[in-house]
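> quick one, what's the 3D model for this:
(one chain, ligands or ions: 1)
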Amino acid sequence: MANANDPIVISGAGLWNPDYTISNDELVLAYNGYAEKFNAENAAGIEQGEVEAKPLSSAEFINKASGINNRYIYRKEGVLDINRMRPILEVRSNEEVSHQAEMAVNAAKKALEAANKKPEDVDVVIVACAYTQRSYPALAIEVQAELGIEGFGFDMLVACSAATFALQRAYEMISAGTAKCVLAINPELTSPQNNWRDRDSHFIFGDVATATIVERASSCQSEHSYEILDTKAVTSFSNNIRSNFGYTSYVDDTDPYGEDKFFIQNGRKVFKEVCPMAAEHISSQIDALGITVSDVTRWWLHQANINMNALIVKRLLGRPATADEAPIVLDQYANTASAGSLIAFNLHHKDLQAGDTGVICSFGAGYSIGSLVLRKR
Ligand code: COA
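Got it, this is the predicted structure:
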């Protein structure tokens with residue numbers, strides 16, 4: 001149960017960046033090389049109207065339309081090879097730690113350190129992200145074994161809102177007394193599902209892992225902790241962001257690597273529909289808490305598009321937000337699915353003063369919106 005004398009807190013956060021990065025210039029050079037080669041090879045078909053020519057991409061467009069300049073990538077080899085256009089992920093045996101579990105463990109160790117916790121203090125592991133590399137055994141259980149955690153673990157997929165929805169589950173489990181200390185991890189390995197051959201979406205995603213510890217204030221031994229004042233989630237079905245990749249491809253005789261199996265979206269519609277939904281979601285949540293927007297020191301928003309974030313906070317504040325109020329990380333990280341708002345939290349929370357309020361909010365595929373209102377202790 002919620003307990004005013006012993007509130008539930010976020011007591012530590014971890015961020016793990018992959019070793020490699022790809023700038024817009026590198027990405028566009030490779031894509032345009034691929035597109036020109038495709039167009040040359042298909043010149044006759046294009047001339048006869050049987051094949052659609054590949055349009056060229058531009059780094060200026062990407063920066064202006066999205067705010068993205070760079071992205072981290074788990075494996076860079078292969079992505080910029082115009083004859084491959086996707087990363088090369090080495091196959092690991094069942095005896096080795098899987099790629100996504102390794103990413104998760106890297107971030108988890110940082111969150112444990114920030115919260116001043118040991119694996120034996122944790123009793124639940126949630127791996128929450130947009131994609132998992134297999135269905136079972138759950139990645140969370142593999143992570144649990146790698147770290148030596150007792151208790152239980154499970155995976156959950158809610159696309160861009162997986163991280164915030166997992167924090168809400170953590171809050172509820174601690175509130176219900178079924179967990180004491182939850183490790184929620186977001187190993188966002190997005191690069192395998194990005195269509196690097198598609199001009200409209202090749203620039204969108206980056207890889208990263210974030211992790212968060214949630215516990216009661218009475219067990220918290222962290223320098224920076226945040227009381228969770230409230231959590232709120234909403235979903236509303238939309239096909240505007242979709243991937244049809246799934247385990248039924250084998251039996252429905254569709255191409256398991258067809259275009260519709262990648263991330264696909266109608267970006268314009270998403271922009272138009274999600275911005276008002278997210279602004280309304282947050283304003284009604286903070287209104288219900290008796291807080292006003294001017295009481296909020298920091299907005300840790302989902303990181304998909306800089307213009308979306310600008311519009312949402314302008315709707316909330318009635319004026320543009322400063323970089324300090326609503327930090328942007330997508331310029332360096334691109335869209336990291338559910339991890340974006342937590343990267344912003346990781347990089348921009350230590351300067352808050354006791355009593356300061358902040359809002360974490362994700363929005364994306366589903367549609368799904370998840371938010372938490374925090375107060376620094
Ligand atoms: N390089 C150059 N031009 C490009 C391009 C590229 N890489 N990609 C698209 N264009 C062109 C389009 O073909 C279009 O040309 P036209 O006007 O001649 O038809 C023009 O640029 C505008 O394209 P559009 O897709 O309308 O751009 P946009 O301003 O909507 O920006 C997104 C595209 C994807 C950056 C933007 O819509 C977005 O981020 N939406 C929100 C997406 C989101 O949050 N998704 C959640 C994912 S989890």
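> list, one by one, the residues from this protein near the ligand.
57-58, 61-62, 65-66, 160, 199-200, 203, 241, 265, 267-268, 270-271, 304-305, 308, 335, 364-365 (CB under 6 Å from any ligand atom). Every residue, glycine included, has its C-beta placed from N, CA and C.
> show me where the chain has helices.
Using DSSP state H, the helices of the chain run over 24-41, 43-47, 59-66, 99-115, 139-147, 162-176, 249-252, 267-288, 306-317, 330-333, 340-347.
> look up how far the ligand lies from Gly49.
Per CB to the nearest ligand atom, to the nearest Å, Gly49 is found 19 Å from the ligand.
> would you mind measuring from that residue to Arg84?
Using CB to CB, to the nearest Å, Gly49 is found at 29 Å from Arg84.
> please apply the same query to Lys314.
For Lys314 relative to Arg84 (CB to CB), the value is 41 Å.
> what's around Ala365, how many residues?
Applying other CB atoms under 10 Å, we find 24 residues neighbouring Ala365.
> hey, which of the helices of the chain is tucked in deepest?
helix 340-347 (a mean of 26; mean count of other CB atoms under 10 Å).
> elements contacting that helix?
strand 8-16, helix 162-176, strand 208-216, strand 296-301, helix 330-333, strand 357-364 (3 or more CB pairs under 8 Å, 6 or more residues apart in numbering; DSSP states H and E).
> again, 6 Å this time
strand 8-16, strand 296-301, strand 357-364 (3 or more CB pairs under 6 Å, 6 or more residues apart in numbering; DSSP states H and E).
> need these in CSV (columns: mean pLDDT, mean neighbour count and distance to Arg216).
Output for the helices and strands packed on helix 340-347, formatted as CSV (pLDDT from 0 to 100; neighbours: other CB atoms under 10 Å; distance: least, CB to CB, whole Å):
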stretch, mean pLDDT, mean neighbour count, distance to Arg216
strand 8-16, 98, 25, 6
strand 296-301, 98, 23, 22
strand 357-364, 98, 25, 19
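> out of these, which is closest to Ile185?
strand 8-16 (8.4 Å; CB to CB).
> what's the closest one packed up against?
helix 99-115, strand 208-216, strand 226-235, helix 340-347.
> and if we set it to 10 Å?
Packing partners of strand 8-16 (3 or more CB pairs under 10 Å, 6 or more residues apart in numbering; DSSP states H and E): helix 99-115, helix 162-176, strand 181-188, strand 208-216, strand 226-235, helix 340-347, strand 368-376.
> closest one to Glu215 among the helices and strands packed on helix 340-347?
Nearest to Glu215, of the helices and strands packed on helix 340-347 and by CB to CB, is strand 8-16 at 5.5 Å.
> how many other residues sit next to Thr292?
Using other CB under 10 Å, the number of residues around Thr292 comes to 10.
> and the helices and strands packed on strand 8-16 as a markdown table, adding mean pLDDT and distance to Gly33?
A markdown table is the format used below for the helices and strands packed on strand 8-16 (pLDDT from 0 to 100; distance: least, CB to CB, whole Å):
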| stretch | mean pLDDT | distance to Gly33 |
| --- | --- | --- |
| helix 99-115 | 98 | 27 |
| helix 162-176 | 98 | 34 |
| strand 181-188 | 98 | 27 |
| strand 208-216 | 98 | 27 |
| strand 226-235 | 98 | 40 |
| helix 340-347 | 98 | 29 |
| strand 368-376 | 98 | 36 |
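> got CSV for the ones you listed, with distance to Val293 too?
Formatted as CSV, these follow (distance: least, CB to CB, whole Å):
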stretch, distance to Val293
helix 99-115, 28
helix 162-176, 19
strand 181-188, 27
strand 208-216, 24
strand 226-235, 15
helix 340-347, 17
strand 368-376, 12
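> figure out which of these is closest to Leu147.
Closest among the helices and strands packed on strand 8-16, once you apply CB to CB, is helix 99-115, at 6.2 Å.
> what helices or strands is the closest one leaning on?
Short answer (3+ CB pairs under 10 Å, 6+ apart): helix 99-115 packs on strand 8-16, strand 124-129, helix 139-147, strand 181-188, strand 208-216, helix 340-347.
> and the fifth one with strand 368-376, angle?
Right, the one you point to is strand 208-216. 60 degrees (axes from the mean of the first three to the mean of the last three CA atoms, to 10 degrees).
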